[in-house]
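[1] Mind folding the following:
(2 chains)
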Amino acid sequence: GENVEQHPSTLSVQEGDSAVIKCTYSDSASNYFPWYKQELGKRPQLIIDIRSNVGEKKDQRIAVTLNKTAKHFSLHITETQPEDSAVYFCAARGYTGGFKTIFGAGTRLFVKA
Amino acid sequence: EPEVTQTPSHQVTQMGQEVILRCVPISNHLYFYWYRQILGQKVEFLVSFYNNEISEKSEIFDDQFSVERPDGSNFTLKIRSTKLEDSAMYFCASSQVLGPSGNTIYFGEGSWLTVV
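    Have a look, this model is predicted:
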């Protein structure tokens, strides 16, 4: 079945440094790749997404890149701040008779002040 | 901003009891989902629902689970005979079908189920 692998599981950075989280997906039909941020006890919230016809997208300190050939995509956070500390999930969405979005295992990001 | 709403926020139930979790998706959305998240683990897909029927389900979504849209606004998840391992946060979500935001899933706040 479809699978999304996410690395690293835990990432600790100093405030102001960059953080990079990488994901790979198995279903070549996937065409939409959202990233969610989940704070403790809260719902996952969309922070950025990218579609398969685009290679890179940026929104202020957050950027996402997609390599469809290699089936991997990455989240880049620059100038990290303590409030960026959370669990980040990548996801991939395709259509196989029905829409479903499959999530990676999550990356726990710690930003040290 | 429209939100997906869920009730209850927290429910404690005895093993073997039936549980119904309720959700009100965003009003102009046509695709509805249930996901679950066991404490400290990833968000797992359970089921998607479109046009009043299940469009896809995972292997987790076995015969003890069912979904229903009893009226024009509510979307429910029923667990027939709960087991200890059903303890998790259950997220309802919805998405539009078409348009630039058609793929984006919006999550509710979750219903935390504890089976004792």
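
[2] Leaving aside the residues adjacent along the chain, what's closest to the residue positioned nearest the centre of chain A?
    Centroid check for chain A by CA atoms, centre = their mean gives A:C90 as the closest residue, at 3.3 Å. Nearest residue to A:C90, sequence neighbours excluded (CB to CB, 6 or more residues apart in numbering or on different chains): A:C23, at 3.7 Å. Heads up, the C-betas are built off the backbone N, CA and C, glycines and all.

[3] try A:H7
    A:K22 (5.3 Å).

[4] Could you count how many residues lie near that neighbour?
    Using other CB atoms under 10 Å in any protein chain shown, A:K22 has 17 other residues around it.

[5] do the same with A:T65
    A:T65, neighbours per other CB under 10 Å, totals 17.

[6] Check the one 5 residues further on too.
    Using other CB under 10 Å, the number of residues around A:A70 comes to 8.

[7] tell me the contacts of it?
    Residues in contact with A:A70 (CB atoms under 8 Å, 6 or more residues apart in numbering or on different chains) are A:T24.

[8] Three-state assignment for it, please.
    Following DSSP: H, G, I helix; E, B strand; the rest coil, we place A:A70 in the coil state.

[9] middle-most residue in chain B, spatially?
    Taking CA atoms, centre = their mean, the centroid of chain B lies closest to B:W34, which sits 2.8 Å from it.

[10] can you pull up the bridge partners for it?
    On the basis of DSSP bridges, B:W34 takes part in beta bridges with B:V47, B:C92.
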